[in-house]
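J.: turn this into a structure:
(2 chains)
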Amino acid sequence: MGLFSKFIAKVRGTNGFAPADWKELEEELLLSDLGPSLTKEFLEQARKVKSENAQEALSQILSTHLSTKDRGALLGQETTVIMVVGVNGTGKTTSVAKLAAQLKSGGKKVVMAAGDTFRAAAVEQLQTWGDRIGVEVVSGKANGDPASVAFDGAKRAQESKADFLIIDTAGRLHNKNDLMAELEKVKRVVEKVFPINEVLLVIDATTGQNGLQQAKIFTEAVKVTGIILTKIDGSARGGVALAIEKELDIPIKWIGTGESEADFAHFDAQSYIQGLLS
Amino acid sequence: MFESLTSRFSSAFSTLRSRGKISSADIDATCLEIRQALLESDVALSVVESFIAQIREKSLAALPTLQSGTNQGQAIFEIVNTSLIEILGGDARRVRFAKNPPTVIMLAGLQGAGKTTLAGKLAKFYAEQGNTPLLVASDLQRPNAVTQLQVVGESIGVPVFAPEPGNGVGDPVKVAKSGIDFAKSKQYNMVIVDTAGRLGVDQELMKQASDIRDAVNPDEILFVVDAMIGQDAVRTSQAFLDGVGFDGVVLTKLDGDARGGAALSIASITKRPIMFASTGEKLSDFDIFYPDRMASRILGMGDVATLAEQAKKAFDSDTSAKLEAKFASGEDFTLEDFLEQLQAMSKMGSMSKLLGMLPGAGQMKKQLENFDEGEIVRTQAIVQSMTPIERRDPKVLNGSRRARIALGSGRKVSDVNNLVDRFSAAQKMMKQVRNGAMPAAMAGMGLPAMPKAAIKSAAPKKKSKSGNPAKRALEEGQ
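T.: Numbering: from 1, shown residues only, chains lettered A, B, ... in the order given. Predicted coordinates:
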């Protein structure tokens, strides 16, 4: 039995938790990467719960931390432009491809722009994905200007009347100012053709509290509109994403759960919250 | 790195230091403070608890003998420091070389930890020490991982053994095995085997990793882990320890911010030393991991050793020698020299990162955060908009020249004035210390881009000295 249901059963049965149980709950929340301050807040609220309606009350507590923003893709007028950003190794390129595959299977015409011109063979990686899922990839030279690749992608999407343009970008640590400035430039240049409707930040579910910092700084630079939470198929529960939702009001929109293109789904708040405590 | 941890520790200890006599209640309060700090920095809960228990016990044991002493806070601080170093791996360990070459190093880790990049960094590191490494592409899973390794290998001039195209095609165990045979036949003395990233919970891939291990019988298995990892570090490292086993740990992406927890957690749980630290995008951004340096850093004692090394790397011997010669001959320090220093400094990385390595930096966190890195670029632009004559002799800078420079560099005339004033002050100071009291490189360093507040407090007109030793050191550095 998951801890969440165990908790509810206990609260329901008796007049509450023994100190040891609270300790266990705290541990479980911390282990989910919820972070010490959100954990503390949750526990304080949970202590006030009356025993009759525990389940509803606890779900209520958790859902108050979720963003109330729409979790669907923000659509553009003609072509919807999605830029995918994040630190190194979170799974941006894979997410770009999976998202493209999902949109394509929904009957949309998609173009991907290989804007990661920095990491060795990142362009080829996206190209391989493109071939696999049958989506056109616009690319430039290795070590070229990512803004120019993104611009070409936008032009191509315009010409071919694509419904979606998804721009991959190179991984960058958020504390590298020059690289963050580069990202701003990519955005600026693309917006000469189309406005960017959606900036998705890819967060690795194994990330700890640093994820919050990542979200803060990326949002300062390019106004993040949603989160893709990846690698949720492992043992990590990605609790930091809830902290991001609470702190910055950025909704998780998609989750990546595996290596194949099918392992990609819309975020489901209920199962995510259950997962945090299981 | 570690900033948040550092500032928490700093405040915990300054409270402790301010007490004349420490009671066991003080120790408990400090322990609570440390607990919170470690949790915020993603140190695994179990590690936090045992670390705190250890600190508490050692401190309480030491307390009776301390009561008569004058500096109990310092003694507790020492206990924490020693314990940290102990957990982080004691003395730094080097890779064990095989008696009969090739020495085989196998890399394992989660997806996106940075194994392929690390393989390149490791190969470059050892090639520069006169070894002949061979990279083996056994990550046949991720699209174009093989190509990535090939590109990396080519850029550092290290051969890559890649008989299979990857992208799901080929047998990684067979590739690893024939890679070793190939290395033997061609007399490479080191083989670095890149493997596919896998999740701790993926039994099948974990089995593949242990099959590769059994096939190549590595001298070192290195567990590559992202320094940003959270509480999952425990489960993951345990899964890898049980699944493949490893001899050492490599922390990657250590050039980011506020992350240190993973280092403590993994070292503590697996009892394996952290051997290398990977700190940047370039293939040369890689170093041996020094537990003592990391511990000092966590405790806000700074990382002067690393700073000195980076400075040595950035200020290549030519530049330094030239400056020294200038100094010796009694010539003035000019804006041209200043520009060279600025350029060398940008090579060292961000100023806030550099300043963060100085002792006491934890307490200056706010200033460091507000540090405007663009200031260096803007200062460079101003100097670059000057003619050679102006750079050598700023005295010729009249109003119209200054207006032209402002226009050329896209700055305001007041910015130009500001720079010239600060430069003249520095020049004057350089003359005073010509006797060799201060290395030229250091004197120049504080000049260009201090946070506004620091610039004010350090301006020559105002003679006040900071009571904070670290701050004072910085001010004097100006």
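J.: what residue spans form the domains of the chain?
T.: Going with chain A. The record assigns chain A these domain ranges, following automatic domain parsing: A:3-63, A:80-267.
J.: my bad, chain B
T.: Looking at automatic domain parsing, the domains of chain B come to B:3-88, B:103-296, B:306-477.
J.: which one of those domains lies closest to A:R71?
T.: A:R71 lies closest to domain B:103-296 among the domains of chain B, at 23.4 Å (CB to CB). In short, each C-beta sits where N, CA and C put it, glycine included.
J.: ok, B:M106 - contacts?
T.: With contacts taken as CB atoms under 8 Å, 6 or more residues apart in numbering or on different chains, B:M106 has the following neighbours: B:A176, B:V193, B:T195, B:I212, B:R213, B:V216, B:P218, B:E220, B:I221, B:L222.
J.: is it correct that it falls within a strand?
T.: Yes: secondary structure of B:M106, determined by DSSP: H, G, I helix; E, B strand; the rest coil: located in a strand.
J.: tell me, how many residues neighbour A:E136?
T.: 16 (other CB atoms under 10 Å in any protein chain shown).
J.: can you check the one 3 residues further on too?
T.: Residues near A:S139, counting by other CB under 10 Å, number 22.
J.: over to B:K395?
T.: The burial count assigned to B:K395 is 9, neighbours taken as other CB under 10 Å.
J.: what's the spacing between the residue nearest to B:A29 when sequence neighbours are not counted and chain A?
T.: For B:A29, ignoring the flanking residues on the chain, the nearest one in space by CB to CB, 6 or more residues apart in numbering or on different chains is B:T15 at 7.8 Å. Plainly put, B:T15 is 19 Å away from chain A if you go by CB to the nearest CB, to the nearest Å.
J.: B:T15 reaches B:T30, doesn't it?
T.: Yes: in this structure B:T15 lies within contact range of B:T30 using CB atoms under 8 Å: 7.3 Å.
J.: looking at the residue lying closest to B:E336 once chain neighbours are set aside now. What's its pLDDT?
T.: The spatial neighbour of B:E336 that comes closest, neighbours along the chain excluded (CB to CB, 6+ apart), is B:R391 at 4.7 Å. B:R391 is assigned 89 on the pLDDT scale.
J.: try A:L3
T.: 55.
J.: leaving out the residues flanking it, which one is nearest to A:S32?
T.: Nearest residue to A:S32, sequence neighbours excluded (CB to CB, 6+ apart): A:G239, at 3.6 Å.
J.: out of the domains of chain A, deepest packed?
T.: Neighbour counts (mean count of other CB atoms under 10 Å in any protein chain shown) averaged over each of those peak at domain A:80-267, with a mean of 22.
J.: now that one: average pLDDT?
T.: This predicted structure assigns domain A:80-267 an average pLDDT of 93.
J.: who's more crowded, B:T15 and B:T30?
T.: Neighbour comparison, B:T15 and B:T30: the larger count goes to B:T30, with 25 against 14 (by other CB under 10 Å).
J.: distance of the more buried one from B:I76?
T.: Distance from B:T30 to B:I76, counting by CB to CB, to the nearest Å: 7 Å.
J.: determine how far stretch B:395-415 lies from the middle of the whole chain.
T.: Relative to its chain's centre, stretch B:395-415 lies at 38 Å (CA atoms, centre = their mean, to the nearest Å).
J.: list the contacts of whatever residue of the stretch 151-278 of chain A ends up closest to chain B.
T.: Sorted by distance to chain B under CB to the nearest CB, the residues of the stretch 151-278 of chain A start with A:G208, at 2.5 Å. Counting by CB under 8 Å, 6+ apart, A:G208 touches A:D33, A:V240, B:D42, B:M228, B:I229, B:G230, B:Q231, B:A233, B:R259, B:G261, B:A262.
J.: do B:T252 as well
T.: Contact criterion CB under 8 Å, 6+ apart gives B:A113, B:G114, B:T117, B:L118, B:V224, B:V225, B:D226, B:A227, B:S278 as the residues in contact with B:T252.
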